[in-house]
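Chemist: Fold the following.
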Amino acid sequence: MATTTLPPTMRVWKYASAAGGLENFLKLHASEALPKPGPTQHLIKVLAVSLNPVDFKPAEAPLVGRFAVKYPATPGFDIAGRIVVPADGSSLEPGQLVFGAASTNPLAGGGLAEYVAAPAKTLVPIPTGVSPIVAAGAPVAAVTAHGSIVPYVKAGSRVFINGGSGGVGTYGLQIAKLAGAHVTVSCSTKNVDLCRSLGADEVLDYTKRPLLEQLQDVAKHVQPFDHIVDNVFSDPALYFQAHTYTSAHAKFVEVASGPTLDFVRFALGALLWPSLLGGGRRKLVFGYADINSENLAQIGKWIADGDIKPVTDQVFAMENAVEAFRRLKTGRATGKVIVNLDKVGS
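Modeler: Here you go, the predicted structure:
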């Protein structure tokens, strides 16, 4: 078995508050003790981390962040890295490249550190030919997309994905095409060509005119949609008026959920407001990332085989993690925002 000489300390990003913006409190600590893995954890040398809205939205929510996040906290849920010490009984070996989740706690995943003790059940080998940068971008986004599409879609289904150019959307678009669906997505003008290049059959530019109007026109003049995935949560009317542009059996999967007052109001109204009084007439499903070895292995295979082409928006050095969060929070990232902790190639 290979052995690795470990440093006495490591670098890790931490924040002691997120009020007014997590990035304003994020500090790089240069001499932290290495984690000690339990018997069901791998000790991982982290090579890359991708950022997701879940890394900052819950922490910044006034009530949830205050009581649910234990400070000081380290963000970062998605990781790619190299095994240093495998979990007890694991078939994986020291030196093996893996990707997945740094933690089972999505509110403060702990991935933005040079070493993590990560659950063995949330990590799988990186397939040959896939870089750690690409692999790091897959877990939350691709698994969320998988869960929002695969259980509901079959060959010939007409699918609409609101937000086709973001991290979840670029994966969801391609997974829906693999399922044999006809896929329509929304995006801004600058991302229309990207979405078409990933396989979108139709692209609706939300900057041209209201998206709801465009969807209703498609349903009236072409055919209603059978399945809806909302990665944006830009307009609650997309759900409450879904019956005007979908088939009767359609489901509406809301992925862009968060502990904000606006979303809580929407969720309560969607779940409790009777349809006869203007409530939604389509089944509402809240999407989430069920990260497990089976899902990760399937996504890794799709990437390695070229069936899915991951989209990376921008890669930041570890020292520039604050700038990475600022980029993510613009809401204009195309694909994934990645932090390269170990200067690995793309």
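
Chemist: what's the residue lying closest to residue 282 once chain neighbours are set aside in contact with, if anything?
Modeler: Take residue 282 and drop its neighbours on the chain: the residue closest to it by Cβ to Cβ, 6 or more residues apart in numbering is residue 242, 4.4 Å away. All C-beta spots, glycine's among them, are computed from the backbone N, C-alpha and C. Neighbour list for residue 242: 228, 250, 252, 280-282 [criterion: Cβ atoms under 8 Å, 6 or more residues apart in numbering].

Chemist: farthest pair in these?
Modeler: 228 and 281 (12.5 Å; Cβ to Cβ).

Chemist: what's the spacing between the residue nearest to residue 282 and residue 177?
Modeler: 22 Å (Cβ to Cβ, to the nearest Å).

Chemist: Same check on residue 201?
Modeler: Here the distance between residue 201 and residue 177 works out to 8 Å (Cβ to Cβ).

Chemist: Overlap in contacts, those two.
Modeler: Residues touching both residue 201 and residue 177 (Cβ under 8 Å, 6+ apart) are residue 183.

Chemist: Strands of the stretch 101-250 of the chain, residue ranges please.
Modeler: For the stretch 101-250 of the chain, applying DSSP state E, counting those that start in this stretch gives strands covering 115-119, 123-125, 158-162, 182-187, 202-205, 225-230, 246-254.

Chemist: Redo the ones you listed as a markdown table? Include mean neighbour count.
Modeler: A markdown table is the format used below for the strands of the stretch 101-250 of the chain (neighbours: other Cβ atoms under 10 Å):
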| stretch | mean neighbour count |
| --- | --- |
| strand 115-119 | 24 |
| strand 123-125 | 23 |
| strand 158-162 | 28 |
| strand 182-187 | 26 |
| strand 202-205 | 18 |
| strand 225-230 | 25 |
| strand 246-254 | 18 |
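
Chemist: now these as TSV including distance to residue 323?
Modeler: Formatted as TSV, the strands of the stretch 101-250 of the chain follow (distance: least, Cβ to Cβ, whole Å):
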stretch	distance to residue 323
strand 115-119	22
strand 123-125	27
strand 158-162	28
strand 182-187	24
strand 202-205	29
strand 225-230	28
strand 246-254	30
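
Chemist: out of the ones you listed, which comes closest to residue 7?
Modeler: Nearest of the strands of the stretch 101-250 of the chain to residue 7, taken as Cβ to Cβ: strand 115-119 at 8.6 Å.
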